[in-house]
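Visitor: I'd like to go over a predicted model; first the sequence, then the structure.
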Amino acid sequence: MRLGIDLDGVVANFNAGWMRRYNDEYGTDLKPEMVHSWDAFVPLTRFDTNAEFWEWAQNAGGRGLFRDLPLYPDALESLTRLSGAHKIVIITTKPRWATAETFAWIADNEIPTREVHITRRKWEVDCDVYLDDGPHNLDSLVLERPDRTVCRFIRPWNEPVPGAIDVDSWDIFETLVNGRFS
Ligand SMILES: [Mg+2]
């Protein structure tokens with residue numbers, strides 16, 4: 001089966017990554033647990049707009065922000081096991097400037113995939129199962145791919161989406177995939 005896997009908020013801990021950089025630069029003590037909404041940058045940072053955050057993210061010293069994101073616990077182990085019987089298809093949305101560092105991150109972390117799509121239109125990538133945390137992505141996947149399995153990785157910044165299956169750990173996702181498609 002083709003498993004369409006999102007990166008940020010699912011495999012890569014984007015909040016931990018940008019906060020580490022932000023805390024180093026500004027002497028703050030932001031923690032990922034402080035994020036309770038999508039696009040929480042404005043309330044948590046000195047930036048007045050999302051655009052200012054992204055400008056900082058692009059230019060914040062040396063290697064790109066997306067090159068240094070930590071993995072969520074269990075993500076790589078689960079993906080590696082799943083890749084034995086299924087195809088791991090990475091479907092991620094990134095700013096255009098982050099394209100090369102996204103491929104570098106995938107290589108650095110040895111993500112077991114042979115297919116990567118960097119797109120906002122995630123539903124255009126044909127998969128049997130999708131795993132995502134983005135509210136707008138979950139809505140559009142359920143709408144555009146009603147005959148497929150769409151899984152919401154439960155995070156503080158998303159809510160149940162009718163038609164999507166809730167998953168709160170990599171273990172649960174792996175069990176679900178293996179139960180349905182073994
Ligand atoms: Mg995401």
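Guide: Structure received. Residues are numbered from 1 along each chain as shown.
Visitor: ok, Pro156 to Val116 distance?
Guide: For Pro156, the distance to Val116 (CB to CB, to the nearest Å) stands at 27 Å. Quick note: C-beta positions are derived from backbone N, CA and C, even for glycine.
Visitor: of these two, who's got more company?
Guide: Set Pro156 next to Val116 and count neighbours by other CB atoms under 10 Å: Val116 wins out with 18 against 15.
Visitor: Could you confirm that one falls within a strand?
Guide: Yes: the assignment for Val116 (DSSP: H, G, I helix; E, B strand; the rest coil) places it in a strand.
Visitor: How about it: which residues does it bridge to?
Guide: Counting by DSSP bridges, Val116 forms beta bridges with Ile90.
Visitor: Nearest to the ion within this protein, name that residue for me.
Guide: Gly9 (3.6 Å; CB to the ion).
Visitor: what residues are up against that residue?
Guide: By CB atoms under 8 Å, 6 or more residues apart in numbering, the contact list for Gly9 reads Asn15, Asp133, Gly134, Phe153, Arg155, Trp157.
Visitor: switch the cut-off to 6 Å
Guide: Contact analysis of Gly9 by CB atoms under 6 Å, 6 or more residues apart in numbering lists Asp133, Arg155.
Visitor: Provide the backbone phi and psi angles at it.
Guide: Taking degrees, to the nearest 10, you get phi 90, psi 0 for the backbone angles of Gly9.
Visitor: and the gap between it and Ala85?
Guide: Counting by CB to CB, the gap from Gly9 to Ala85 is 25 Å.
Visitor: In space, what's closest to Lys122 - neighbours in sequence excluded?
Guide: Ile91 (4.8 Å; CB to CB, 6 or more residues apart in numbering).
Visitor: Isn't the one you found up against Asp126?
Guide: No: between Ile91 and Asp126 there is no contact under CB atoms under 6 Å: 10.5 Å.
Visitor: residues making contact with stretch 72-88?
Guide: Under the contact criterion CB under 6 Å, 6+ apart, stretch 72-88 has outside partners Met1, Arg2, Leu3, Ile5, Val11, Asn13, Pro112, Thr113, Trp170, Glu174.
Visitor: Pull out the buried residues from these.
Guide: Applying 16 or more other CB atoms under 10 Å to the contacts of stretch 72-88, the neighbour count classes Arg2, Leu3, Ile5, Val11, Asn13, Pro112, Trp170, Glu174 as buried.
Visitor: Nothing else from me, thank you.
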